[in-house]
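**Q** Okay, structure incoming, though there's no sequence with it:
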Ligand SMILES: [Zn+2]
Ligand SMILES: [Zn+2]
């Protein structure tokens, strides 16, 4: 038996009576060292995916305790979250992210990482370099999601770029886009929300500080209608808006405005783990400044309440 945070019908429960998972063929059993609460987890509790029932959580670092290949035993690992059927054309050509039969760690038909143990296929795992501590490695998944933008669109460092929402994901996106000297502004809703981006060396401002059409490229990372409306006001004609978080509701979209101003909108989800881990190993991304609290798993419900407070960035969990 093990302890877990279990989501059932929009209710999060702490349980100590959950069966320890048994690895399927090709899978490793991983003991969780650290797990991160992200906005997706919070949204799932309030109903972004009403049909998921299981162990929540998808951001983790842990240690392999059982594996079909001896080389993995005892390795510290992170793991990508999409498990494809490995058989369809999409899996073969593009990878598991868009497999119609995929399972997604802690999100869709696969128990997640707010637990003592998780199982994942070996092909999803990546060994963590020794110089990357657990509290840093646990950011690999959200950092990969931030890097996904650079796989989808070219963001030239000279164009005016804004990231709306200086939250747990937005601050990673801002750092990624600023890596090559990019002209990036973090846009927040209050002066207080701009303190963290400033400590990370990122330019920041309130939406009201900028005239309509000020930016060529905008990443919307708030996941709420207000953030979308701000993006639509601040984007210039022919500009690109990247949507980097899921929306719980169904925001109103002024379609004609997109057409008349010829704005490109790009949805953006999971990204590449290997480059994310390389950036963390190189010390190029500040994750320490994003951690607001760490809780033992048994206090997971308190941790969730903390993570849901406005302005709180990353809250980590560790089984004890
Ligand atoms: Zn996440
Ligand atoms: Zn597939």
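**A** Now that the structure is in, tell me what you want to look at. All values derive from a computational prediction rather than experimental measurement. Ligands and ions are numbered 1, 2, ... in the order given.
**Q** check contacts around the closest residue to residue 320 other than its chain neighbours.
**A** Nearest residue to residue 320, sequence neighbours excluded (CB to CB, 6 or more residues apart in numbering): residue 296, at 4.4 Å. The way it works is simple: take the backbone N, C-alpha and C, and place the C-beta from them, glycine included. Residues counted as contacts of residue 296 (CB atoms under 8 Å, 6 or more residues apart in numbering) are 317-320.
**Q** burial count for the closest residue to ligand 1 within the stretch 151-300 of the chain?
**A** In the stretch 151-300 of the chain, the residue that lies nearest ligand 1 is residue 169 (7.6 Å; CB to the ion). Residue 169: 26 surrounding residues under other CB atoms under 10 Å.
**Q** so it makes contact with residue 38?
**A** Yes - counting by CB atoms under 8 Å, residue 38 is a contact partner of residue 169 at 7.1 Å.
**Q** what do those two both touch?
**A** By CB under 8 Å, 6+ apart, residue 169 and residue 38 have these common neighbours: residue 142.
**Q** among the contacts of residue 296, who's most crowded?
**A** residue 317 (29 neighbours).
**Q** tally of neighbours for the spatially closest residue to that one that is not a sequence neighbour?
**A** Distances taken as CB to CB, 6+ apart put residue 35 closest to residue 317, at 4.7 Å, once the chain neighbours are dropped. Residues within reach of residue 35, counting by other CB under 10 Å, total 30.
**Q** Let me see the contact set for residue 35.
**A** 57, 59-60, 113-114, 138, 297, 316-318.
**Q** could I get these as CSV with secondary structure, pLDDT and distance to ligand 2?
**A** As requested, the contacts of residue 35 are arranged in CSV below (DSSP: H, G, I helix; E, B strand; the rest coil; pLDDT from 0 to 100; distance: CB to the ion, whole Å):
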residue, secondary structure, pLDDT, distance to ligand 2
57, coil, 98, 23
59, strand, 98, 23
60, strand, 98, 23
113, coil, 98, 22
114, coil, 98, 26
138, coil, 98, 27
297, helix, 98, 32
316, strand, 98, 32
317, strand, 98, 31
318, strand, 98, 33
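**Q** Which among the residues you listed count as buried?
**A** Among the contacts of residue 35, those buried by neighbour count (16 or more other CB atoms under 10 Å) are 57, 59-60, 113-114, 138, 297, 316-317.
**Q** re earlier: what distance do you get for the residue nearest to residue 320 to ligand 2?
**A** Using CB to the ion, to the nearest Å, we find residue 296 at a distance of 37 Å from ligand 2.
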